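Student: Let's see this in three dimensions:
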Amino acid sequence: MGDSKEAGAEASPMGSAARGGLSLLSQGELEEPSAQGSALFLGGNEVKSRAVVKYSSAPPRTAFAQLEEKTDLKLPPANWLRESAKLGPAGTTILGNSKKSKPFSSFGMAYDFIDSVGNDVDVVSDSENIKKLLKIPYSKSHVSMAVHRIGRTLLLDELDIQELFMRSSQTGDWTWLKEFYQRLIDQKWQRKKKSKEHWYQKAILSKFLYYSINGDGAAQPVPSAAEQQESPSSDQTQDSEGVSWPAPFEMASSVSEDPSTSGQGLKNDFVRNILWTFEDIHMLVGSNMPIFGGGRYPAVSLRLRDNNKPINVLTGIDYWLDNLICNVPELVMCFHVNGIVQKYEMIKTEEIPNLENSNFSTKVIKDIAQNILSFLKSNCTKEGHTYWLFKASGSDIVKLYDLTTLCEETEDKYQNPFTMPVAILLYKVACNMMMKKNQNKKHYGTIRTLLLNCVKLLDKSRHPQIIASANYMLSELFQLDEPKKEESSESPLNENSDESYSEEEEEMPDSDENGSYSTSSDPSDDNKAVAIIKSVGELSVPEKYKSIHQIRPSCAFPVCHDTEERCRLVLNYVLEGLKSVDSSIKKESDLPAADPSTPIPLKYEDESTRGSPEGLEKQMALFLDKMGSLQKRNYSSQSGMIPGSWQHKMKLQLILKSAKAYYVLSDAAMSLQKYGRALRYIKLALQSHDTYCCLCTNMLSEVLLFLSQYLTLCGDIQLMLAQNANNRAAHLEEFNYQTKEDQEILHSLHRESSCQGFAWATDLSTDLESQLSVSCKCYEAANEILQFSDLKSQNPDHYVRILKRMGNVRNEIGVFYMNQAAALQSERLVSKSVSAAEQQLWKKSFSCFEKGIHNFESIDDATNTALLLCNTGRLMRICAQAHCGAEDEFKREFSPEEGLYYNKAVDYYLKALRSLGTRDIHPAVWDSVNWELSTTYFTMATLQQDYAPLSRKAQEQIEKEVSEAMIKSLKYCDVELVSARQPLCQYRAATIHHRLASMYHSCLRNQVGNEHLRKQHRVLADLHYNKAVKFFQLLKDAPCELLRVQLERVAFAEFQMTSQNSNVGKLKTLSGALDIMVRTEHAFQLIRKELMEEFDQPKGSETTPAADSSPSLNQEEVIKLLKIFESRLSALLLQSIKLLSSTKKKTSSNIDEDVVFKTNKQIYYQLLRATANKSASVLERIEVIIHLLEQLAHGANAAAVQ
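Tutor: Residues are numbered from 1 along each chain as shown. Okay, the predicted model is just below:
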């Protein structure tokens, strides 16, 4: 027999370990490959072949029994058709080829070795199909195979047209293919029956193999479980076509009864699965070839040949390929004549190509294999499509058809019985790759393509579970919780370009280079073919199709240029998944039935209480009660889903994914300052989570952490909306906008829940107080979730973020109430008592600050603690100011309430400094607190000085308290630190010294009797006047203050002169006073400069308003001070002239005094003339004063020189 069917017998697997024997593996057990395979050198041509047994269900290898000459094989042996321990399941597969090949045998292998499919392996098929393809150029037999592409892997299955068309007439399947076949290929199709010779050869082969088994030939039959199901007795051996045997992997009844998979054989029916590498082609092959071994022949294949029929090329190729695939080094041939054994002959595998009448080139076989693979890979481009490789009997033309496209032209495009197995395999391969996605991110594009093709193949109404799961996996490919990574052309996602094809791609034009195949349209039946091999002889030409074996990179993962695009893709897949789940739930349960005794609640809310703090407190209490009972809550789906069902589990995952996607969208919108859009997205995220809570019976800590994050972001958004109230209309428009996709997802959520659990957190209010309160409540809720779910210790960073935000928003609310209180205070013009509303606002503000301080202290945030303590101090100062208008301005005294609140403010500022510790912690905050503390002391001292509480305290005590407060204010006013605040500090220090000097000056005037105290006051007054002058001189914008201080110093000198008796002492004092007058020139220079700038400004721009003039210079104040200065200078000069004149009469002439006398007299004369001129302007008068002061200084210098 030259037919390849002779190889279909059972034996043990073969590998490098074969010489020692292989142990028995149970069904489904994988065998570890151990350096199996070899490189065979045949006839001078090297062909690389390596075989690794991946799986075997065969028993230990057994030696064959060499039959005696003249043994009659027509007589059945005693053990024929009986189960044998040595033979194992071999008897069930000896006649396996008499059964019709199952069109799904490759799928069974693919399911078992899912890791290899789509990536590592080029071909998965039955060894018989591989042999049939490689014999195409040598054989006139017909070829009919189904081809499917999964990634870079091709699945090949025999497509027995006769068997399928017989089924078609019984079941109605494949009618479209039968019509196509009859119309375009064989109009006179009729079933061809097997000849008697065929069945005779099968029977004699079976008896020969049973004879060849060593051991007890009288073993009793032991029926297998499959035999018990299929036949009442073991001797029922024939059906209408001949002998039929149960396969070793019989399908479960539940599967075989399914009309969509009946008889398709979706299990692995092979005794062994072998990973065969032939040159550069990797194949997963199923084989049932019997392998014997033992003694002299450790591994051989056993063949039976009719001695009258020489071995032909087809038989030689068949035997050679079988031995290569199973890595068997030798072949034992038993020759017979009419069933009578004649002789045995041993042939080495490498000698088979050189046998007489069976010569063939192994190199040509290699070229055929490479050309066929290139042809199929170049044309079977669409994953999920069923391709049909067909060569008619006696024809040289090989055609490839796309059956999926042909089937889609029929009324029911799901009639293709391959559709479901292909879709399942696509799904399984994608699932397997998803399990390793973190290690193989470059395969994301392949996974996506597999899943998209899977979904495209399936009918949504028939397979909702797979479609929902596939869409969920598609959504999982997009990492929402990781930073976005832009993919480029160098990305590993584009590697292995032949992994997959996208279903949207057009067919690539075929190349005609080197005489390649083409879709010729000359024959009338070629227009339906995808591709054609015009002559099988082309397959023998080396690299004939190599030039067109270009697999296009089409499975690259889509590049998402922004976060919103990525999330929108995720939500699209989530929506498709939700639709599949919802469609699978019984229609009558879509809407829950109404209870006649229960009123339908209307969505009415009292607007006055919805956003109020009281309303929020009530809603928060309900929310926390709900969260607290999550671990023991009851299932509350409205759609009627059964807990634990696939719909329930899948919808939970999809809803959780949608919540994450909306959260990421909200966060992205937040970063773009689109706060209305951000609130809309976080509302959808919380609605998704609310539905999840309704469906989930056991809340995971991870999900609770998500909820805490959602509420934290919601709090951020509400706070930003409160701080950006000026753009509220745009935010409202963004908030109310909704896409169709969002509406459909929300509709699916509403099937399970009212989605109102977080309505209190996601409303867009127009009231600032309400927004701030909602923000605070969101943070509080997020914190509560961490507290009662014990997530605080597991997520310390998130806990710290929440407390920081909570402290911050409480600070914002405290400042809001504080500003409201200040506004009420400013409106209370003449009222003499603090209103209850003010006091209520103080309490609210203080409570917020206190809670915020506690938040920051609990996470050791010293800086923010100091800021809130500083704000609390400011609140105390506002409280103090509220108590200052209790009496009329003329009768007013510094009240005890003011003192109390100012002292409280001081305490909070000191606490803030203690919180910071040192300036290095946060210099800006440290300086700010010091300034506020200095201001508080200064204000308190100023008020006590200006409105002395003489009715309660003695003058001396008040002066002491004022002095102490002023000194403390100076302590916290850093005049040396170079900063933007340095001029303010210098002005403050100058003012404090001026006030202290004035106070001691006043004390000196009023002090009587205690000379020691008078002296002390005199020294202190002089000291502070000098320091005040020093600081005022550092400033360029306080000339009036400097002039006033100098005039007070002159008055202080004049007061001292009144107590002097001698003319010498008085002259000395007058000289000092005039010297002070001379030093005021600097102040007058500054005043003149500012006046000139002010007078020049309107000339350049008459439209400039008066408000643009320097606010630091008050002209009325200048005129007033100028008048005082002129009068004091005139009086000093007059007194000096009188004293000098009287001194000259009493004593001898003194040259110095004469110079001073003449100078003073001349200046006095000029001053009188200047003051007499009433028409002179201020600027002119100042210029005169400056001129006189220069003369006075010159005269004093001249006198000193002489």
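
Student: So if we follow the domain assignment, how does this structure break up?
Tutor: Residue ranges of the domains in the chain are recorded as 49-185+268-416, 423-477, 563-585+638-794, 1036-1094+1114-1201, according to the TED database.

Student: List just the one of the ones you listed that sits closest to residue 839.
Tutor: When the domains of the chain are compared by C-beta to C-beta, domain 563-585+638-794 sits nearest residue 839, at 17.7 Å. For glycine as for every other residue, the C-beta is placed from the backbone atoms N, C-alpha and C.

Student: Show me where the protein has its strands.
Tutor: Counting by DSSP state E, the chain has strands at residues 38-42, 45-56, 123-126, 143-150, 153-158, 272-278, 281-287, 291-294, 297-306, 330-337, 340-348, 386-391, 398-402, 529-533.

Student: Those strands: which one's closest to residue 900?
Tutor: Nearest to residue 900, of the strands of the chain and by C-beta to C-beta, is strand 143-150 at 83.8 Å.

Student: So what's the gap between that closest one and the chain middle?
Tutor: The offset between the C-alpha centroid of strand 143-150 and the centroid of the whole chain comes to 41 Å, using C-alpha atoms, centre = their mean, to the nearest Å.

Student: Residue 333 is in contact with residue 305, isn't it?
Tutor: Yes: contact status for residue 333 versus residue 305: in contact at 5.6 Å, counting by C-beta atoms under 8 Å.

Student: anything in contact with each of these two?
Tutor: Counting by C-beta atoms under 8 Å, 6 or more residues apart in numbering, residue 333 and residue 305 have no contacts in common.

Student: Identify the bridge partners of the residue lying closest to residue 69 once chain neighbours are set aside.
Tutor: In this structure, residue 69 finds its nearest non-sequential neighbour in residue 341, 5.9 Å apart by C-beta to C-beta, 6 or more residues apart in numbering. Legend: beta-bridge partners of residue 341 under DSSP bridges are residue 336.

Student: Can you give me the neighbour number for residue 341?
Tutor: Under the neighbour criterion other C-beta atoms under 10 Å, residue 341 is assigned a count of 21.

Student: before we move on, what about residue 827?
Tutor: Other residues within reach of residue 827 by the criterion other C-beta under 10 Å amount to 9.

Student: Looking at the strands of the chain, which is nearest to residue 680?
Tutor: Ranking those by proximity to residue 680 (C-beta to C-beta) places strand 143-150 first, at 41.7 Å.

Student: neighbouring strands for the closest one, and are they parallel or not?
Tutor: Sheet partners by DSSP bridges: for strand 143-150, these are strand 153-158 (antiparallel), strand 386-391 (antiparallel).

Student: What angle do strand 281-287 and the first one make with each other?
Tutor: In other words, strand 153-158. The directions of strand 153-158 and strand 281-287 differ by 40 degrees, with axes from the mean of the first three to the mean of the last three C-alpha atoms, to 10 degrees as the criterion.

Student: just to revisit the earlier point, can I get the strands paired with strand 143-150 in TSV including mean pLDDT and mean neighbour count?
Tutor: TSV is the format used below for the strands paired with strand 143-150 (pLDDT from 0 to 100; neighbours: other C-beta atoms under 10 Å):
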stretch	mean pLDDT	mean neighbour count
strand 153-158	89	24
strand 386-391	88	24
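
Student: will you turn those strands into a markdown table that also has distance to residue 754?
Tutor: Conversion of the strands paired with strand 143-150 to a markdown table gives the following (distance: least, C-beta to C-beta, whole Å):
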| stretch | distance to residue 754 |
| --- | --- |
| strand 153-158 | 49 |
| strand 386-391 | 47 |
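
Student: Of all those strands, which one is nearest residue 347?
Tutor: Taking C-beta to C-beta as the criterion, residue 347 comes closest to strand 153-158 out of those, the separation being 28.4 Å.

Student: Give me the contact list for that closest one.
Tutor: Outside strand 153-158, the residues within contact range by C-beta under 8 Å, 6+ apart are 101-107, 110, 116-119, 121-126, 128-130, 132-133, 144-149, 373, 376-377, 380, 425.

Student: ok so, going back, how about the strands paired with strand 143-150, which one is nearest residue 50?
Tutor: strand 153-158 (18.3 Å).

Student: How far off centre is the closest one?
Tutor: With C-alpha atoms, centre = their mean as the basis, the distance from the averaged C-alpha position of strand 153-158 to the chain average is 40 Å.

Student: Using CSV, write out every CA atom in that strand.
Tutor: Coordinates of the C-alpha atoms in strand 153-158 are reproduced here as CSV (Å, rounded to 0.1, in the frame of the first residue of the first chain):
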residue,chain,number,x,y,z
THR,A,153,0.4,30.4,14.3
LEU,A,154,-1.6,28.5,11.6
LEU,A,155,-4.0,25.8,12.6
LEU,A,156,-4.5,23.1,9.9
ASP,A,157,-7.4,20.6,10.0
GLU,A,158,-8.7,18.2,7.4
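
Student: hmm, back to that, distance to residue 1005 for the strands of the chain - can I get that in a markdown table?
Tutor: What follows is the strands of the chain, written out as a markdown table (distance: least, C-beta to C-beta, whole Å):
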| stretch | distance to residue 1005 |
| --- | --- |
| strand 38-42 | 122 |
| strand 45-56 | 114 |
| strand 123-126 | 114 |
| strand 143-150 | 108 |
| strand 153-158 | 109 |
| strand 272-278 | 114 |
| strand 281-287 | 112 |
| strand 291-294 | 129 |
| strand 297-306 | 129 |
| strand 330-337 | 134 |
| strand 340-348 | 135 |
| strand 386-391 | 116 |
| strand 398-402 | 115 |
| strand 529-533 | 117 |
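
Student: how about those strands, which one is nearest residue 1154?
Tutor: Of all the strands of the chain, the one in closest proximity to residue 1154, counting by C-beta to C-beta, is strand 143-150 (123.1 Å).

Student: hmm, back to that, among the contacts of strand 153-158, which are in helices?
Tutor: 105-107, 110, 128-130, 132-133, 373, 376-377, 425 (DSSP state H).

Student: By neighbours, which of these wins?
Tutor: Most crowded among these, counting by other C-beta under 10 Å, is residue 106 at 32 neighbours.

Student: ok, that one - contacts?
Tutor: Contacts of residue 106 were listed using C-beta under 8 Å, 6+ apart, and they are 124-126, 148, 155-157, 286.

Student: For residue 1125, which non-adjacent residue is spatially closest?
Tutor: With C-beta to C-beta, 6+ apart as the criterion, residue 1125 has its nearest non-adjacent residue at 6.3 Å, and that residue is residue 1047.

Student: The one you found contacts residue 1127, doesn't it?
Tutor: No: in this structure, residue 1047 sits apart from residue 1127 without contact. The criterion is C-beta under 8 Å, and the distance is 10.2 Å.

Student: More neighbours: those two, which one.
Tutor: When residue 1047 and residue 1127 are compared on other C-beta under 10 Å, the one with more neighbours turns out to be residue 1047, at 19 against 12.
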